[in-house]
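Q: I would like the atomic coordinates for the input below:
(2 chains)
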Amino acid sequence: DIQMTQSPSSLSASEGDRVTITCRASQSITTYLNWYQHKPGKAPKLLIYAASSLKSGVPSRFSGSGSGTDFTLTISSLQPEDFATYYCQQSDNTPYTFGQGTKLEI
Amino acid sequence: QVQLQESGPGLVKPSETLSLTCSVSGGSISGYYWNWIRQPPGKGLEWIGYIYSSGITNYNPSLKSRVTISVDTSKNHCSLKLSSVTAADTAVYYCARMYSTSSYWLDPWGQGALVTVSS
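A: Numbering: from 1, shown residues only, chains lettered A, B, ... in the order given. Down below sits the predicted model:
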């Protein structure tokens, strides 16, 4: 299985901050990397697909980059609604696997 | 806009079979892959498997011997069965549609269904 390692596992930040979350794959996954936002009791939401493509309707303050084994999710200016847990997921090979999550807290 | 809703018993006894249904509204189940993912309390997300609307399946090897995913296009829903459950199968279970073009991603997801395994 491809192991996905996210860092940090938790992050304290303030409204207006720029934050970056990293995700590393145990082998090359080219750009088969997706990012999701998850709030308690809610459905996870797709933010970024194919490493850097922003899902329609997602604010442009979210961006993704990377290829191969190293990827980043950047939020350029944190808004109150962005405090959540973020997961990366590889879709290069089954079984699809997720990072352990990054909890973004105020 | 496609919406997914998981449903099924919230409590299952050890050694019995967990059964959940994912109802799809606002769009057709045909032509897509439908995935099941779970999240045990306090833990990360685990992919269980998927089914294509034609019935082709792909399961996580760690669960393959106990999992069956099926689809009913006439009812526009898919189903998950997990046999011989233990407390380790206690989790929130999500269904999600997978887009497959030049890449693959999960969107949208259902809100999830909490299943507790306990006697």
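Q: now do the SS call for the spatially most central residue of chain A.
A: Residue closest to the average C-alpha location in chain A (Cα atoms, centre = their mean): A:Trp35, at 3.7 Å. Of the three states, A:Trp35 takes strand under DSSP: H, G, I helix; E, B strand; the rest coil.
Q: in space, what's closest to it - neighbours in sequence excluded?
A: The shortest distance from A:Trp35 to any non-neighbouring residue, by Cβ to Cβ, 6 or more residues apart in numbering or on different chains, is to A:Ile48 (4.1 Å). Yep, even glycine has a C-beta here, placed from its N, CA and C like the rest.
Q: so who does that neighbour touch?
A: A:Ile48 makes contact with A:Asn34, A:Trp35, A:Leu54, A:Lys55, A:Val58, A:Phe62, A:Ser63, A:Gly64, A:Leu73, according to Cβ atoms under 8 Å, 6 or more residues apart in numbering or on different chains.
Q: in TSV: these, plus pLDDT and secondary structure.
A: As requested, the contacts of A:Ile48 are exported to TSV (pLDDT from 0 to 100; DSSP: H, G, I helix; E, B strand; the rest coil):
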residue	pLDDT	secondary structure
A:Asn34	98	strand
A:Trp35	98	strand
A:Leu54	97	strand
A:Lys55	96	coil
A:Val58	97	coil
A:Phe62	98	strand
A:Ser63	98	strand
A:Gly64	98	strand
A:Leu73	98	strand
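Q: buried subset of those residues as a PyMOL selection?
A: With 16 or more other Cβ atoms under 10 Å in any protein chain shown as the criterion, this PyMOL line picks the buried residues out of the contacts of A:Ile48:
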select buried, chain A and resi 34+35+54+62+63+64+73
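Q: which members of the contacts of A:Ile48 are the farthest-apart pair?
A: A:Asn34 and A:Ser63 (13.7 Å; Cβ to Cβ).
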